[in-house]
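J.: give the three-dimensional model of this entry:
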Amino acid sequence: MKSFGACTLGSYSFLTGAAGSLQLSRVVKRIRLGGYKNIVLDLETTGLDQILDDILLCAFTFDGVHAYVVDTKTVDISPFINLLKEVQVANHNIGFDYGFLKYKYGLDLPVVWDTLLTYSLATTGLPGKTKEHKDSGASLQAIALKYLGVLLDKSVRKQFLTDTPITDESISYAGDDVLAAWALVPITASLLNASGLRHIWELVERDFIRVIVEMHLNGIDFDMDKALSLRDQYQERVAALSVELDEMTKYEDDVPVKCKLCRNGTKYKKDGGGSCEVCGGQGFTVQRIMQHVNFSSSRQVIEWLKRNGVEVPTKLREDGSEMETVDAKARESINHPVIAKLNEYLVDERVLSGFLTRLTTPTNIDREGHFNHITGKVHPKFTQLYTNTGRLSSYEPNIQNQKRDNDLRSIFSAPKGEVMIIADYSQYEVRVMAEVSGDEGLSDFFIRRSKLVDQLQGMLDAIDEVTYTPEIGDRYSDIRDVYTQVNNLDFHNETAIALFHLKRDKIDFESKQWKQMRSVAKNVSFAIPYGAGPPRVAATSGVSEKEAKIRINKYFELYPKVQVWLENIKKQAIRPDVTGTAKKMGLGNSIISWTSTILGRRRFFLLPEDVSAKKELGSIQREGCNFPIQGVNADVIKLVLNNVSKQIREDEGMAGSVIRMTIHDEIVVSCPIANHKYVARTVVNIMKSVSQQFIKSLPTEVGLSISPCWLK
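T.: A predicted model of the protein is given here:
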């Protein structure tokens, strides 16, 4: 192998063995003496798992012209690791490299830039959005080709995943990766500035890379015996549901079956040849055969529904054309008993195959398993900008989109001698709606409720407790009474009473009729921020579209400024930008629009050239309404986690505390039992403080649970 060579974007030096160690020390000294403060680095590894896999090569550049590729198996890289503490580091998907260096060397990278995240942030909602764990329009290969005109051959990377010896080709590939990332830093910086989102990177996303890495490496303890028992239960449930569905949907049909007595309608020579009398010379016979639907096949489900006269919803493809669909959202609008049973089956089957089966499989048995045999924990991976709203998503396993079931949650636990602090924002999306719309009716309810909540918290503080439990209620009847008042003053209860013109003292809160009314009120409240109309509310509430429309109109009578705000946002979502932002972002003559969060996070839309494309514009308007609400949640949760992470590092009272995960409006921290009250109060105070920077006209409420496992 060559110790010096050319790559597509410059040149490289390959450092290996004792001579490589000496040369690396000289390069580190040169960087310090030269006052170089920015380094782009990239690791080539034996796989994608930061705990199970190893680092093979470490490539870096400090001038964007020459790359150094270090054989980490034979070179002492400690001088370079120490250097990284003194400089600013960048790469494409730097969190990947950060995780490896954090786990192997305990290094916290001083990250200054990530070309993947900044590109994804700048182009949120536009074609080619980020998928950090998959190749996409935001991959290094894609944007290097787009902006540098260079095709990086990513197939070379497969060499690192096998026992194939390092080659000149793989060394050159590693060099090109860092040189490409270096060249893309100013390009993505310009793009981010043009998009008006530089401040979101600096205030929120840059520091959040550290939190993402911490949560993944921290992992979550869990009870294997309980998980195995649950897996067996789900296997039985899925099997039973499959039989029920089959009984509901199987049907007989005339099916052409190949004739066994001839070949394409002609009898075999041994049978005398000529036309086959059995099949009439057609080569097949028609037989009545029982047909079974594969419920994992959308196509077969759609065919069965249409066969039974059920109208199948459609959705828009990226090119604007329509396609039939039975995805989760579409199924909400289909009123058929098979769909109700299918939903039950799909949820349980997803829990079984996508969650429990892999969760209970150790990684030393199957690398696709999610139980890490080295740490004895589960280590979910979190993606930072996978969604257009900026909210987090998770995979391997996906703990965010599992059904909210205490049996599933109870699998996950705090380490021995510790507890879990589970804190979540109460009805946060409705509070954001109250803030952005300025509706006094919405705000007044939460202000009234906060007085009771504050009273309850004051009583708990007086006895040095951080959250209410039934045991406290048994000992202090006055606290129990206030707690009951807080529970009874529920937003969805109040909305249902108003929507249906009820008198509180006449309501049977345990009746089926009341529960359906509350369900309608709750679904209306949740649907409104999504720009949803009567069909969606009707489908999720089990009422007619006419009834749903009446309740939505009544909701707007109760909270009129919400309707005004929504109409304004709908107009904004399809209003073409006239500031030239598209051209500044290199989008040529594309027509774009956007909606924004309180902090200024933007979600862009590529508007159709055909202004009469009502369905496409309607979809844009719905997403446009949703983004300012969901996007605030993304900003707030990320800032909270940034602050909690900082507090853990700097506050001795938080000693032993670890961020385990975040789910929607909820964060989970584990800590020693000895200081759990201090940790709980600190987390709640941070959550309230951050939220109050966004929601200023009404109070923020944080629900709190303390438990040995992940229960609320």
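J.: could you check the pLDDT of Ala122?
T.: With respect to pLDDT, Ala122 scores 95.
J.: try the one 4 residues further on
T.: According to the prediction, Leu126 has pLDDT 89.
J.: can you offset everything so residue one is 35?
T.: Right, with 35 as the first residue, what we last looked at is Leu160.
J.: phi, psi of it?
T.: Dihedral pair for Leu160: phi -90, psi 160, per degrees, to the nearest 10.
J.: now do it against Gly171, distance only.
T.: Distance, Leu160 to Gly171, by Cβ to Cβ, to the nearest Å: 9 Å. C-beta here means a position set from N, CA and C on the backbone, and glycine is covered the same way.
J.: compare these two (neighbour count), which wins?
T.: In this view Leu160 and Gly171 are compared by other Cβ atoms under 10 Å, and Leu160 has more residues nearby, 21 against 16.
J.: now name the helix or strand holding the residue lying closest to that one once chain neighbours are set aside.
T.: Nearest non-adjacent residue to Leu160, counting by Cβ to Cβ, 6 or more residues apart in numbering: Phe638, 5.1 Å away. Element membership for Phe638 (DSSP states H and E) is strand 636-640.
J.: from the chain's centre, how far out does that strand sit?
T.: Strand 636-640 has its C-alpha centroid displaced from the chain centroid by 19 Å (Cα atoms, centre = their mean, to the nearest Å).
J.: kindly report the same for stretch 627-642.
T.: 19 Å.
J.: ends of that stretch, how far apart?
T.: Stretch 627-642 has an end-to-end distance of 11 Å (Cα to Cα, to the nearest Å).
J.: now swap in stretch 117-127 and tell me
T.: Stretch 117-127 end-to-end distance (Cα to Cα) = 20 Å.
J.: please point out which parts of it sit buried.
T.: 117-118, 121, 123-127 (16 or more other Cβ atoms under 10 Å).
J.: swap in stretch 502-521?
T.: For stretch 502-521, a neighbour-count test (16+ other Cβ under 10 Å) marks 502, 506-507, 510, 513, 516-517, 520 as buried.
J.: what's the farthest-apart pair in those?
T.: Greatest spatial distance among the buried residues of stretch 502-521 (Cβ to Cβ): Tyr510 and Val520, at 14.4 Å.
J.: quick one, what contacts Lys292?
T.: Lys292 is in contact with 317-318, counting by Cβ atoms under 8 Å, 6 or more residues apart in numbering.
J.: phi, psi for it please.
T.: Torsion angles, degrees, to the nearest 10, at Lys292: phi -60, psi 130.
J.: then Val145?
T.: phi -80, psi 130.
J.: next, work out how far apart it and Val62 are.
T.: Here the criterion is Cβ to Cβ. By it, Val145 lies 20 Å from Val62.
J.: where along the stretch 85-234 of the chain do the helices fall?
T.: Under the criterion DSSP state H, counting those that start in this stretch, the stretch 85-234 of the chain contains helices at 112-118, 128-139, 149-156, 174-182, 202-229, 232-234.
J.: so which of the ones you listed is nearest Ala607?
T.: helix 202-229 (16.8 Å).
J.: wait, Pro610 touches Ile625, no?
T.: Yes: counting by Cβ atoms under 8 Å, Pro610 sits close enough to Ile625 to count as a contact (4.9 Å).
J.: so what sits against both of the two?
T.: Leu641.
J.: who's more crowded, the two?
T.: The neighbour count for Pro610 versus Ile625, taken as other Cβ under 10 Å, is higher for Ile625 (15 against 11).
J.: which residues touch the more buried one?
T.: By Cβ under 8 Å, 6+ apart, the contact set of Ile625 is 610-611, 616, 640-641, 643.
J.: circling back to that earlier point, which strands or helices does the strand holding Phe638 pack on?
T.: strand 626-630, helix 648-684 (3 or more Cβ pairs under 8 Å, 6 or more residues apart in numbering; DSSP states H and E).
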